[in-house]
Every structure is written in C-alpha cells, then in structure tokens.
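Peer 1: Next one to model:
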Amino acid sequence: MERLPDGPILLAGGTPVARNHDVEYPFRQKSDFLYLTGAEEAGCYLLLDPKRGKSTLFIPKIDNHHRVWLGHVPGPAEARRLFGVANVAYADDLGPALKRVRGGVRRCYADPESWRRFKGELRLPNASAVLRDALDELRAVKTSAEIDLMRAANEVSGKAHRAVMAAARPGLYEYEIQAVFEAECLKAGLNRLAYPSIVAAGANAAVLHYSRNNAKLKAGDLLLVDAGAESKGYAADITRTCPVGGRFTSRQKDVYSIVLETQKKCIAATRAGETSADLHVKSMTLIAEGLKSLGLLKGETSGLVENGAVRIFYPHGLTHMLGLDVHDVTGGRKRRMKNPTNVPVRFVARLEPGFVVTMEPGVYFIAALLRDPRMRRKLRGSVNFAKAETFLDFGGVRIEDDILVTRGAPVNLTHVPKEIKDVEEACGR
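Peer 2: Residues are numbered from 1 along each chain as shown. Here you go, the predicted structure:
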C-alpha cells in the first residue's frame, strides 16, 4: 500500500483445476497471494484500500456439502487469528465492497484474474503491470522469516538427498529412488515438492528436465537427482550426482571435479553487486578450461565461451532466483538491466543482500547436440567431437546449492555431501 497509495489493490487466490471427471490436481495457492496473506485455501480474495488504510481477506462461504466431502475450512473469526488480518468477509460480499472503494480514485491495481471477474464493479483503469512490478520488487528480497523457511526446506531436502545416496544401488529403478526422496520429505511434514523430482541414471542425466523416472540403475552409472521440497511454499532446489556403485570411476571423477570446482569458485564470488550474467560467464570459462584439460575442447578459452563451444556441454544457466517459486521473480522493473556480457544469458540481475539464488553448473554429453550437423560444422575447430562421442553413455553431472546473498560472504543454505570422498562415504560402499 505504501508503494501503490492511489487506488485499491485486488488479488485473487487460486482455484482448483480439474484433472478429469470429479478429480482435481492437488491445490497449491498462488505465490503472490500466499506471500501477502499466508492463506492456503482456495477461492479467496485480498482487497487492500490504501486510501482508508484497510485490508480485507474475502473467504468462500462453505456449506455442509463441502464439509462432508472436504472437511473444515476457516471461518471469519478463525481466519483473522490465523492470517493476522483485521478484516475478514465472505467472497459473496466482495462486489459491493469494490463499489465502495472505487470512489475518489483514478485507477486500481488488480491482477488479471480478479480483473476479469470484477472489472464491472471496479470501473477504473487497471494498472496490472504496475502491480506486478511492485510484487516482484517486494518478493525479490527475502526477509529473515522467509530465509528461515528456506533453511527448513533445505534441511529436509538435504536429509532426503543423503537418504538417496545411501539407497542408490544397481537393480533399483529411478522411481524407487524418487520414492526414497519424497518419503523423507513427507516424514518430515513437508507434503509438497517445489517441482517434479528429476531422477536420472546413466545417459538419462543428459536430459536436463528428465521426467520419466522409470529406468533401472546399473553398476557404473552416475545418478543425478534434482529435487526439493517446499516449506510453507518456500522452495529448496538441490541437485546431487552420485555413483550408483558407490565409487566414482576415474573418468567420472575427472568430469565431476570440473563441475565441483566451478561451483565452489562461483559460490565464493556470489557477492552483492555482482551480476548473475558475469557469474555465468565465469562458470562457462571455468568449465571450458576443465574440458580443455580433458581434450574435449581446444583453442583459446575466451573464444570457446564466445563461439558457444562450451554450451555444447553446458547448455543451461548457472543461476536463478529462488523463493516461493522455484524459478522466482527477478525483482521488477527497477532492477531490470541489460546483459553486460556478449554471451547469451537468460537471467540477468545485479545481486542484492536478501536474494537467494541457485548455483548449478553442469557438464553433459547430449547426443542431440554432439551429433547435430550444424554444430559440427560450426565448431569443428573447437570441439573434439570424436572424443566426445565416447562419452555418450556418460550422462551428465550437475551440482546445485541454494545461496543467500549478504553484505559479506555468501551463505550456503544447502548441506549435502558433494566432495568426492564425502559423496562416496554417503553412498555407504
């Protein structure tokens, strides 16, 4: 309300989405609404009236049919206690309330869903883009309470990753490993994942967003698990790569060490004032140097970064924001900046204290890239394609931690083994 003082602000909570007849997808509240209210129930609205300094949460009126099938939903008195809002009313009363707050103002701030539903009652020009920027600006910098929730999500997710390392052995299926991870989260009371679990063994680890999770683990495979839970909506996003047989081969150690050293150096450089784009270029440079040492790349390192040769093996970004969304908001219009590098980068931001970002370099051997005729023609002087072909059964290595940016040294919220010796010990063999 301090940022947008000149008109009413209206946001809609989420509504259930049908999966098929009489079955809905599990409900998860919209992140903006959860941020502002803490209310996880469907069918709610929030009305902020800066002119009168008043905020009202509108909740659905529940009948006995709902109580029989779905159980208890807070009424007004309970909602006031739970969510710390002074005014609670039923959603049926929102239309008349909007007519009362529209007088004496020139515009409103309504999100797209509430605008579709109530533009007739508001009858004001709507500055939804300004509302979006204000929410992004607020959500980008995490409070100490938000950071505590992200620590909790990391603690449980980290325990689950350690359980995966201890469980992984030849003959199991990827979905059994998925079950180990998700069971640990459920046992700890976190019943929502931040995103679908990626459990990828062997060559499947070269598929960046692998989702089948149905292959059998084999001795000699690497197992890449990218998975995290939510704590009251706040995400953990952790990736570890471990050897299925309990010991890395020398070739696996070579690639893993490149990724690990890249990640450690990029985490150390994660300071307020740095840009995410510069950190990404740093990671590409380090990985290019490492791949040169293995004879997979050749030429000047800067040229390998600029001509895209390193992206054959490292085709994604180093970092993204983390919060109520696993790929969280980046800070709004005030924080937007041009890419300071000449390398394509998806996420560009100047880091600030209170940001939480991922650090996730990787190296992969992806047939679709290594066997692409256009890539082979363009990069034949930079990539040793013949040697890279011998790695096509390798899959890939990704290591990902969640990093809090402070005014001093970065704080790693993730505590899961990642040094080679520690990973092998965690595998228990």
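Peer 1: How about G396, nearest residue that isn't a chain neighbour?
Peer 2: Nearest non-adjacent residue to G396, counting by CB to CB, 6 or more residues apart in numbering: Y364, 3.3 Å away. Glycine gets a C-beta too; all of them are placed from N, C-alpha and C.
Peer 1: Distance from stretch 176-186 to the middle of the chain?
Peer 2: Averaging C-alpha positions (CA atoms, centre = their mean, to the nearest Å) puts stretch 176-186 19 Å from its chain's average.
Peer 1: Distance check, V356 against C427.
Peer 2: 29 Å (CB to CB, to the nearest Å).
Peer 1: S157 too?
Peer 2: Remark: distance between S157 and C427 (CB to CB) = 18 Å.
Peer 1: Now for C266: which residues touch it?
Peer 2: For C266, the contact set (CB atoms under 8 Å, 6 or more residues apart in numbering) comprises 279, 282-283, 286, 318-319, 359, 361.
Peer 1: In CSV: those, plus pLDDT and distance to P410.
Peer 2: Output for the contacts of C266, formatted as CSV (pLDDT from 0 to 100; distance: CB to CB, whole Å):
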residue, pLDDT, distance to P410
L279, 98, 11
K282, 98, 14
S283, 98, 15
L286, 98, 17
L318, 98, 14
T319, 97, 12
M359, 98, 9
P361, 98, 15
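Peer 1: okay, among those, which ones form the most distant pair?
Peer 2: Farthest-apart pair in those is L286 and T319; separation 14.0 Å (CB to CB).
Peer 1: Which of those two has more residues huddled nearby?
Peer 2: More neighbours surround T319 than the other of L286 and T319, with 25 against 22 (other CB atoms under 10 Å).
Peer 1: Now do the same contact list for that one.
Peer 2: T319 is in contact with 266, 276, 279-280, 347, 357-360, counting by CB under 8 Å, 6+ apart.
Peer 1: make it 10 Å
Peer 2: 266, 270, 276-277, 279-280, 283, 345-347, 349, 351, 355, 357-361, 400, 403 (CB atoms under 10 Å, 6 or more residues apart in numbering).
Peer 1: So which of those belong to strands?
Peer 2: Mapping the contacts of T319 onto strands (DSSP state E) picks out 357-359, 403.
Peer 1: between those, which is nearest G220?
Peer 2: M359 (28.0 Å).
Peer 1: isn't the closest one right up against L260?
Peer 2: No: with contacts counted by CB atoms under 10 Å, M359 stays clear of L260, the gap being 11.2 Å.
Peer 1: more crowded one of these two?
Peer 2: The neighbour comparison of M359 against L260 (other CB under 10 Å) goes to M359, with 26 against 19.
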